[in-house]
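**Q** Just need the structure, nothing else, for what follows:
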Amino acid sequence: MYLDTTVLKKTRRSKLKEGIFSFAFHSGLTRLGRGFWKNSLTVLNYHRIANLDDDGFDTFKPNVSGRPEDFERQMDYAARWFNVISTRDLVGWLDGGKPLPPHAALITFDDGYLDNYTFAYPILRKHNFPAIIFLTTNHIESDLPFYWDLAAYCLHHTRKDHVVLPDGTRREWKNRAEAERVGATLIEQAKSLTEDEKRAWMSRLPDALDVPIPAGFFRNLMLSWDQVREMRRNGIEFGGHTMNHPILTRVPLEKAKEEIVGSKARVEQELGEKILGFAYPNGLTGDFNAEIERTVAEAGYGAAFTLLNGPSPNAEVKRERFAIRRVFVSHKHTLPQFAALVSWFSRYRA
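**A** I've put the predicted structure just below:
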């Protein structure tokens with residue numbers, strides 16, 4: 001029988017890392033690591049909370065931060081070891097107000113998926129935790145899909161066995177797992193397209209793969225404004241995440257400004273209050289810069305968040321209030337891995 005040695009090596013590395021995380025968690029080393037981060041801010045980044053075990057899950061799996069039971073265990077851990085704050089607490093401190101508590105943590109969600117309401121919100125209420133959801137406003141109450149979900153949906157439902165990627169190469173698959181890997185490559189390549197090219201390419205994909213899109217499917221993936229208002233009444237904050245989710249350094253500055261200002265204006269219009277937080281789409285090195293940070297500040301936001309690895313010492317947060325680091329949470333993380341990520345490992349991993 002043929003064995004893929006690359007897969008074997010990855011499996012061995014994964015098992016070794018999990019063994020190290022498990023030892024650190026159960027021996028108390030993870031908690032010891034927390035001692036170095038007493039005067040720090042740990043910003044947790046989630047996207048979706050969903051049941052991946054459901055065979056019918058047909059959108060972009062890497063965007064799922066965990067199952068509901070995973071999220072509940074993580075919030076139990078946060079309740080025990082962190083002081084969870086709101087964005088208003090954070091911005092108040094940045095503006096010279098009340099100091100942050102030791103081991104401060106902020107819970108954030110990007111994009112505005114419906115499962116934030118159905119699965120995460122009840123767990124947050126149970127713990128009386130504040131959180132902030134950064135909304136991509138043109139996708140709320142809209143049939144406009146995120147390109148990653150559209151690609152994943154089409155590859156899940158197609159009966160074809162190949163696709164031509166944005167770079168012109170043809171990729172084939174023999175099973176669903178291979179199709180998902182092709183989808184991940186497709187989505188990564190789509191990031192390099194201009195926004196017009198991306199929209200045009202994705203508009204052709206359903207026909208290319210012979211996949212009809214059910215009416216209202218993508219609208220039903222996202223929050224409604226009524227749900228947003230209900231959550232706001234119960235302690236959940238909302239922030240800007242642009243209108244259309246472009247990578248802001250890959251569009252003209254005026255277009256970036258329109259996206260930054262427009263999302264803020266729409267959320268404030270729907271909520272009737274000023275919002276304070278912004279999250280950069282994609283949020284990695286090269287996806288924002290000093291000019292974009294300045295645009296965010298001039299738009300009236302009080303803080304902005306990246307996807308660079310956190311946690312961050314408080315002094316760094318003060319210096320970089322428009323480039324605050326976060327801990328990216330994945331459905332692949334076990335509780336020992338999560339504990340390591342929020343204590344020390346995330347900041348220093350390769």
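
**Q** Every contact and neighbour count from this point should use C-alpha atoms.
**A** Will do.

**Q** Read off the pLDDT value for Gly96.
**A** pLDDT recorded at Gly96 is 95.

**Q** now it: how far from Asp210?
**A** 57 Å (C-alpha to C-alpha, to the nearest Å).

**Q** Give me the more crowded residue out of these two.
**A** Neighbours per residue (other C-alpha atoms under 10 Å) separate Gly96 from Asp210, with Asp210 holding more: 14 against 8.

**Q** Low-confidence stretches in this protein?
**A** Where the chain drops to pLDDT under 70, the residues are 1-36, 344-350.

**Q** Spell out which residues make up each domain of it.
**A** Domain segmentation of the chain under automatic domain parsing yields 38-143+222-348, 147-208.

**Q** Tabulate these (a markdown table), appending distance to Ala215.
**A** A markdown table is the format used below for those (distance: least, C-alpha to C-alpha, whole Å):
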| stretch | distance to Ala215 |
| --- | --- |
| domain 38-143+222-348 | 8 |
| domain 147-208 | 13 |
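
**Q** now, of those, which is deepest in the fold?
**A** Stretch with highest mean neighbour count among those: domain 38-143+222-348 (a mean of 19; mean count of other C-alpha atoms under 10 Å).

**Q** what's the helix or strand for Ile107?
**A** strand 104-111 (DSSP states H and E).

**Q** which residues touch the helix or strand just after that strand?
**A** Sequence-wise, the next helix or strand downstream of strand 104-111 (DSSP H and E) is helix 115. Applying C-alpha atoms under 8 Å, 6 or more residues apart in numbering, the external contacts of helix 115 come out as 48-50, 221-223.

**Q** again, 6 Å this time
**A** Helix 115 has contacts (C-alpha atoms under 6 Å, 6 or more residues apart in numbering) with Ile49.

**Q** Over to stretch 135-146?
**A** Under C-alpha under 6 Å, 6+ apart, the answer for stretch 135-146 is 111-112, 218-219, 222, 224, 240-244, 263.

**Q** what's the answer for stretch 234-244, then?
**A** Applying C-alpha under 6 Å, 6+ apart, the external contacts of stretch 234-244 come out as 130-138, 259-260, 263-264, 275, 277-279.

**Q** same thing with stretch 47-55?
**A** Here stretch 47-55 has contacts from 63-68, 109-110, 115, using C-alpha under 6 Å, 6+ apart.

**Q** 8 Å instead, please
**A** 57, 61, 63-68, 71, 109-113, 115-116, 119-120.

**Q** Now do the contacts for the spatially closest residue to Gln74 that is not a sequence neighbour.
**A** Take Gln74 and drop its neighbours on the chain: the residue closest to it by C-alpha to C-alpha, 6 or more residues apart in numbering is Leu335, 7.0 Å away. Counting by C-alpha under 8 Å, 6+ apart, Leu335 touches 70, 73-74.

**Q** Let's see which of these end up in helices.
**A** 70, 73-74 (DSSP state H).

**Q** Can you lay out those as TSV showing distance to Glu298?
**A** As requested, the ones in helices among the contacts of Leu335 are exported to TSV (distance: C-alpha to C-alpha, whole Å):
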residue	distance to Glu298
Asp70	38
Arg73	39
Gln74	35
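
**Q** So which of the residues you listed is the closest to Cys154?
**A** Distances from Cys154 to those, taken as C-alpha to C-alpha, are shortest for Asp70 (27.7 Å).

**Q** how near is that closest one to Asn244?
**A** 29 Å.

**Q** can you check Glu258 too?
**A** Distance, Glu258 to Asn244, using C-alpha to C-alpha: 10 Å.
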